[in-house]
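A.B. asks: this one's structure only:
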Ligand SMILES: Nc1ncnc2c1ncn2[C@@H]1O[C@H](COP(=O)(O)OP(=O)(O)O)[C@@H](O)[C@H]1O
Ligand SMILES: Nc1ncnc2c1ncn2[C@@H]1O[C@H](COP(=O)(O)OP(=O)(O)O)[C@@H](O)[C@H]1O
């Protein structure tokens, strides 16, 4: 049996807690410990918050989906929505040593995703969907 | 915006806790208090347990889905799977006054669903899917 | 696992402690634990429900199996610490009349 | 709501108590509560994180807004009781260097 579950829900921050419960449960089923479950929860939360907040206003309450697969190596997650394509790879890496006055407000979401997951990739689909794919391996041993 | 969320997942009791978290969160978003959230959680849990346990063995690990809609009156829930049609309406009502020796083991799931929800209906779809629809109204006031 | 199960003996009484959701995922675990201890001679059982926050009919099913086996062995079962939601499921299903139910394990041990 | 926010004053120090998930749903609530109290003159703030079990970058964003406003008003902010997961998010984002962080509200009140 494939251990795959998908949650489809409105693009609204009121559902972030539900997303967190869903993702951390799937991370647990995939064999991660509690701290790693929180890390995976943050990575997905950041991606979903971006879908909710950076989608054009008109379409912003469209449903989007989160698919989690427990695989032999750990977990694979795909977040899919109908927002306009954007240039994921050219988003600037934040300077985390900057002082409080010199930092932009925000700009830490994608950075945290990449820190907490082993792999993060953005692919605008031919189907008019954007897909953000991320995965994390279970620690060896 | 429609407050509708769908969870699609494997037919395996390991996911019942995730289902419970999902459903009780949607019940909360629909405006129910904690005790009603538990009642709704039990009704859906019973329906999902039936999907998991009474589906023919071969197909039993197929994915199935739970769709929850927060509506003006309360909550509407549809559980859909690919199991063989069965005669939902002729399932016998259990005798809850019977003694421990005289009761069958089991047979309380559909009874609890109907007690905890205001409306429960089974419809085998033309699409080869079975749908169990249930709803509950928020208490007035 | 969705439930933690502990067991200890107070003299000849088996105290089964359940912690978590008593659903169709936990039910086989609880039944197995009970069956093993029953086959080793435990016929008086107190079940501590105080940490059970959730009960579905799969849990009721196991409790019915337990009370039947214990009665047929001239044993006894007493339940302790049912939370309001759990108590409601018992009431609706008519299980409140089948079992002796006490507030605490201490009271259950005195009653058995 | 995903977070409960309480506030009280210890002499001239505002103690903001957060309880729950500090995510993009809670962030506007926290920012609003702070902004209101700041506009009423609160310039020394202790934030009690002991009941915050979850933090995302939306929470960091609000904290950055707060420290900037407080510094520009010659005020101060001290954080207390960060759980390990929250501390890790701070460390990775370089926020540990931006804030004074104490173990308890008591220590934070002494440090401010
Ligand atoms: N899903 C998205 N759609 C459109 N733009 C996005 C999306 N995700 C991120 N971005 C862009 O990338 C920037 C950096 O994102 P992020 O690192 O998550 O920080 P933040 O969202 O706090 O600004 C955003 O400010 C936005 O311009
Ligand atoms: N999804 C289903 N598919 C097939 N048969 C079902 C399904 N749900 C219920 N049934 C039948 O109805 C009976 C009563 O179901 P229920 O009241 O939930 O109690 P239980 O499942 O504990 O027997 C079951 O024993 C089964 O024969």
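C.D. replies: Structure's in. What do you need? For clarity, every value in this text was computed on a predicted model and none was experimentally measured. Residues are numbered from 1 along each chain as shown, chains lettered A, B, ... in the order given. Ligands and ions are numbered 1, 2, ... in the order given.

A.B. asks: in its sheet, what does the lengthiest strand in chain C sit against?
C.D. replies: Using DSSP state E to define each element, chain C has its longest strand at strand C:44-55. Next to strand C:44-55 in the sheet, as set by DSSP bridges, lie strand C:13-22 (parallel), strand C:76-80 (parallel).

A.B. asks: Would you mind putting these into TSV with mean neighbour count, mean pLDDT and distance to residue B:71 alongside?
C.D. replies: Quick note: C-beta positions are derived from backbone N, CA and C, even for glycine. Conversion of these to TSV gives the following (neighbours: other CB atoms under 10 Å in any protein chain shown; pLDDT from 0 to 100; distance: least, CB to CB, whole Å):
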stretch	mean neighbour count	mean pLDDT	distance to residue B:71
strand C:13-22	20	98	27
strand C:76-80	22	98	38
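
A.B. asks: Ligand 2 is nearest to which of these?
C.D. replies: Set against ligand 2 and scored by CB to the nearest ligand atom, these come closest in strand C:13-22, at 14.2 Å.

A.B. asks: Mind checking the strands paired with strand C:44-55 for the one nearest to ligand 1?
C.D. replies: Closest to ligand 1 of these, according to CB to the nearest ligand atom: strand C:13-22, at 35.1 Å.

A.B. asks: Would you mind listing the outside residues contacting that closest one?
C.D. replies: Strand C:13-22 has contacts (CB atoms under 8 Å, 6 or more residues apart in numbering or on different chains) with B:16-17, B:20, C:1-9, C:26, C:30, C:33-34, C:37, C:42, C:44-49, C:51-56, C:58-59, C:62, C:86, C:105, C:109, C:112.

A.B. asks: Would you state the helices of chain C in chain order?
C.D. replies: Applying DSSP state H to chain C gives helices spanning C:27-39, C:57-72, C:84-93, C:105-111.

A.B. asks: What about residue C:25, how many residues nearby?
C.D. replies: Residue C:25 has 23 neighbours, counted by other CB atoms under 10 Å in any protein chain shown.

A.B. asks: actually residue C:12, not the one I typed
C.D. replies: By the criterion of other CB under 10 Å, residue C:12 has 10 neighbours.

A.B. asks: so who does it touch?
C.D. replies: Applying CB under 8 Å, 6+ apart, we find residue C:12 in contact with residue C:44.

A.B. asks: what about it, distance to residue B:42?
C.D. replies: Remark: distance between residue C:12 and residue B:42 (CB to CB, to the nearest Å) = 35 Å.

A.B. asks: Those residues of chain A touching chain D, which are they?
C.D. replies: A:13-14, A:16-17, A:20, A:35, A:38-39, A:41-42, A:45-46, A:49, A:52-53, A:94, A:96-101, A:103, A:105-106, A:108-109, A:111-112, A:115 (CB under 8 Å from any CB of the partner chain).

A.B. asks: Quick one: neighbours of the residue of chain C found nearest ligand 1, just the number.
C.D. replies: At 34.3 Å from ligand 1, residue C:2 is the closest residue in chain C, using CB to the nearest ligand atom. Residue C:2 has 18 neighbouring residues, counting by other CB under 10 Å.

A.B. asks: Check residue C:28 too.
C.D. replies: For residue C:28, the neighbour count with other CB under 10 Å is 12.
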